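Colleague: Provided below are the primary sequence and the corresponding predicted coordinates.
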Amino acid sequence: MRMAQLLWHQQKRTMKPILLLEAKVDLESTFCITFTKTMAPAFTTTGKLPANDGSDSTDMDMSGQVRSLCELGRLREAFHILHLMDCPLPCTYAQLFQSCINMKALVQGKLVHAHIIQRAPELEIYLQTKLLIMYARCGKMREARRVLDELQTPNVVSWTAIIGAYAKHGLCQDAFILFVEMQRGGVQPDQFTFATVLQVCAHLPDIVLGKAIHNNIVRSGFQFHVFVGNALVDMYVKCGRLDDARKVFDKMPERNVVTSNAMIAGYARNGFLEEAMDFFHRMSERNVISWTSVVAAYTTHGHSEEALALFCEMQRSGIQGNQITFASVLPAFADLGTLEYGKEIHEDIVRRGYQSNVFVGSALVDMYVKCWSTEDARKVFDRMPKKNVVTWNAMTAGYVQNGNIDEALKLFENMPEKNIISWTSVISGYVKNGHFHEAIELFQKMHMTALKPNSVTYASILPACGNLAALGHGKEFHKDIVKSGFEDDVFVGNGLIDMYTKCGSIEDALKVFGEMPSRNVVSWTTMVVGYAVHGYGKEALQLFGDMQKWGMQPNHVTFVGVLSACCNAGLVDDGRWYFDCMIRDYNITPAMKHYCCMVDLLGRAGHLDEARDFIKKMPISPDAALWGSLLSACRIHNNIELGEYVAKQLFDSEPNNPAHYVLLSNIYAAAGKWDDVQNVRRLMKERKVERIPGCSWIEVNNQVYVFRVADRSHPQTPEIYAELDILFGQIKEVGYIPNINFVLHDVEEEQKEHFVGHHSEKLAIAFGLLNTSPGIPIRIVKNLRVCADCHSAIRFISKIVVREIVIRDANRFHHFNDGRCSCGDYW
């Protein structure tokens, strides 16, 4: 160690400024440690190189040995030979530097640098340039810049090398500043410099700067050089100026496969597949990049079958796909769901040794996920030696897709790096699996990071607000959306309409709809459905007419909304006409939901026989939802005979659904058939069917409060029940009579009144009146259908307290205002 230090200090005194690149401690310690371990044995105690051992090897021979070892990547052995040489040739140092550049071997590069300091203080310009490139390739931009600054007469090669290094590391503005400095220093750019700077313009992308460079190229006379022409085409393509790229292409006297590939990639990236294929077919020579570009283009734009056909044609032509090719074609297998063929490609990838590539591995995970093979996806994921955020996101999305939110959350929490897609995926998973509170909490947690939600994130979180009827949160998110500039995004706009509709604010939904700069079929359909579930049937049909006038083609979901509007408003004739119109004018085959709407429409209007005949004529077998609609109609119209028949169908198809038993019990209770009520209860007990308890929730100050029947768990319970007593006294004075027809107990009327008086929605209303300012609308969600007594009581309450009360039950919305309901007591 002492010997090495002495040699280091002796040589350091004679170094030129350029050789003082590294901090003293860094280079000295690196040199000393490595020298001691690997090279000191070559020295004698006198500190000189040992004499030749008698062999005929010359420095020229040794230089050849160094070159061979470098080509094999055996740098340690090459260094050993270097230290045996009396006077290493500059080409030997150049070869070592080049190997360090290729292998990004920073420590070894510093050792070469130190050896030059010891043996050859006068460094030739091309070795200085190699030194500069070595530091740049290893990411040491500060040191590379110091090399440039210490050069007495940097030439165009040195400048081009440092500009290219800055560009490669994403420091594009700094690269362009260096380009300007080079010209100010009197060094004129050559074709390679111009090509490098054009890459900077493409990366930014900056078309103004690119055109200025183009003009400079023309003045310098390099515009016809194929290398420069290719860079110009690529720059214009990446700046989205395909016409300019084509002009350059057409004027080039000489083109190669790179030129055509750039044009193909440009057309493909911008969706001009025909133009891309035209270039492709006219190419006299195609390489793997040509094929990969068109395969990727078809995959990206959803033409998966064409992408696979091209991939197969490429293989038949003898061109072997590379890692990018496989990463580009795998999404096509994912899109088509062809798991069997996807596995065959996976085997081919393994045979070629590409499975360790992070992009190929990520594409494999994504392919298996989208083919619903989460286990295979996880196997690939676990075997990948290196993963990036795309890999983690793909695997997380797989668990979300399969409803395994716990595993998705585990992966999310273990991610070394999270981007906005990571957060959005888990938020979306929570929403899709009904964990709405958790979705909002996670969104708020994300807001505390440096990441900003994108349009997809907002579109994912809005349904959570809608399902919870959390209008406060929804309005806060709406403000954030406006601040972020996403209010014109059609998907976000559709999400806002749906959120406001489900939160009971049809006015806000209509406002968003009216302000949208562009609307698609989902926008119109969401608004039609919104009007329908709020009971505004005529408005829904009028909007549907406007939709037709605007030339927007309705789909099957639109007609579900239209038929629901007719159903909720009792527009029987209109419903029949629109059902026929859907089939006749739009060639839409009715689905179960359309049939269900028609049965509900007919049954609720009292046309029970017609509803039953309609079911018999259906070309498909009725499901439980359809029979449920008819049973509900039987309860409304007290049709015991038909109700018993329908209930039997439901007990056979869904024996564990308590709603069917409750509906039949209601029919019996309204008719005073208490023995039959007991029989239904006994049947439920035998089948271990438990009745779903009714619950209601209300949002106050961005917090959701849940109430159940006769709930006494809330801290304000005494105040809530006292408020209810006052309300009942007031509404009875103005005509309210409790409706106890559907109380499922054969008890005294006073006790029946007690049962219906403490339903969850009444408790929620009392809580809302106690905790909100006068005049503020009260919005409540109930998990079951609102009962007749609550409906009647809330009508009277809305008049007494002079408030709008909005109830969203399991079927629809009820807007109570001044003693009236939007449903017109038809529900």
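Modeller: Now that the structure is in, tell me what you want to look at.

Colleague: Which residue, other than its chain neighbours, is closest to residue 527?
Modeller: What sits nearest to residue 527 in space, not counting adjacent residues and going by CB to CB, 6 or more residues apart in numbering, is residue 513, at 4.9 Å. (Glycine included, C-beta is placed from N, CA and C.)

Colleague: what number of residues lie near that neighbour?
Modeller: By other CB atoms under 10 Å, the residues close to residue 513 number 21.

Colleague: Quick check: end-to-end length of stretch 697-714?
Modeller: Start-to-end span of stretch 697-714 (CA to CA, to the nearest Å) is 12 Å.

Colleague: distance between that stretch and the chain's centre?
Modeller: Averaged C-alpha coordinates place stretch 697-714 at 34 Å from its chain's average position (CA atoms, centre = their mean, to the nearest Å).

Colleague: for it, which positions count as buried?
Modeller: 697, 698, 699, 700, 704, 705, 707, 708, 709, 711 (16 or more other CB atoms under 10 Å).

Colleague: got those residues as TSV, with pLDDT columns?
Modeller: Putting those into TSV (pLDDT from 0 to 100) gives the following:
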residue	pLDDT
697	90
698	92
699	90
700	91
704	86
705	92
707	94
708	91
709	87
711	89
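
Colleague: one step back: so the residue nearest to residue 527, which of the three states?
Modeller: helix (DSSP: H, G, I helix; E, B strand; the rest coil).

Colleague: Kindly report the same for the one 10 residues further on.
Modeller: When the structure is reduced to helix, strand and coil (three-state DSSP), residue 523 reads as helix.

Colleague: right, and residue 427 touches residue 435 too?
Modeller: No. Counting by CB atoms under 8 Å, residue 427 stays clear of residue 435, with 9.9 Å between them.

Colleague: neighbour count winner among these two?
Modeller: Each of residue 427 and residue 435 has its neighbours counted (other CB under 10 Å); residue 427 has more, 26 against 17.

Colleague: quick one on the thing from earlier: who touches the residue nearest to residue 527 in this structure?
Modeller: Counting by CB atoms under 8 Å, 6 or more residues apart in numbering, residue 513 touches 493, 497, 519, 523, 527.

Colleague: can you pull out the helices in the stretch 51-200 of the chain?
Modeller: All helices of the stretch 51-200 of the chain, identified by DSSP state H, counting those that start in this stretch, fall at 59-71, 75-82, 90-103, 106-119, 125-137, 141-150, 156-168, 172-184, 191-203.

Colleague: Same list (the ones you listed) but as CSV, adding mean neighbour count.
Modeller: CSV is the format used below for the helices of the stretch 51-200 of the chain (neighbours: other CB atoms under 10 Å):
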stretch, mean neighbour count
helix 59-71, 18
helix 75-82, 20
helix 90-103, 20
helix 106-119, 21
helix 125-137, 22
helix 141-150, 19
helix 156-168, 22
helix 172-184, 17
helix 191-203, 23
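
Colleague: so which of those helices gets nearest residue 652?
Modeller: Judged by CB to CB, the one of these that comes nearest to residue 652 is helix 191-203, at 66.7 Å.

Colleague: Show me what the closest one is packed against.
Modeller: Using 3 or more CB pairs under 8 Å, 6 or more residues apart in numbering; DSSP states H and E as the contact test, the elements touching helix 191-203 are helix 156-168, helix 172-184, helix 207-220, helix 226-238.

Colleague: and the residue nearest to residue 302 when sequence neighbours are not counted, what does it touch?
Modeller: Closest residue to residue 302 apart from its sequence neighbours, by CB to CB, 6+ apart: residue 335 at 7.1 Å. Residues touching residue 335, when contacts are defined by CB under 8 Å, 6+ apart, comprise 299, 302, 304, 370.

Colleague: pLDDT score assigned to residue 335?
Modeller: At residue 335, the predicted lDDT confidence score is 91.

Colleague: any idea how far residue 305 is from it?
Modeller: According to CB to CB, to the nearest Å, residue 335 stands 9 Å off from residue 305.

Colleague: Just to be sure, residue 704 is in a helix?
Modeller: No. Inclusion of residue 704 in a helix is not indicated when three-state DSSP is applied; the result is strand.

Colleague: separation between residue 386 and residue 657?
Modeller: Distance, residue 386 to residue 657, using CB to CB: 50 Å.

Colleague: Give me the more crowded residue out of these two.
Modeller: When neighbours are counted by other CB under 10 Å, residue 386 and residue 657 differ, and residue 657 comes out ahead with 15 against 9.

Colleague: shouldn't the more buried one be in contact with residue 650?
Modeller: Yes. Using CB under 8 Å as the test, residue 657 is close enough to residue 650 to be in contact (7.1 Å).
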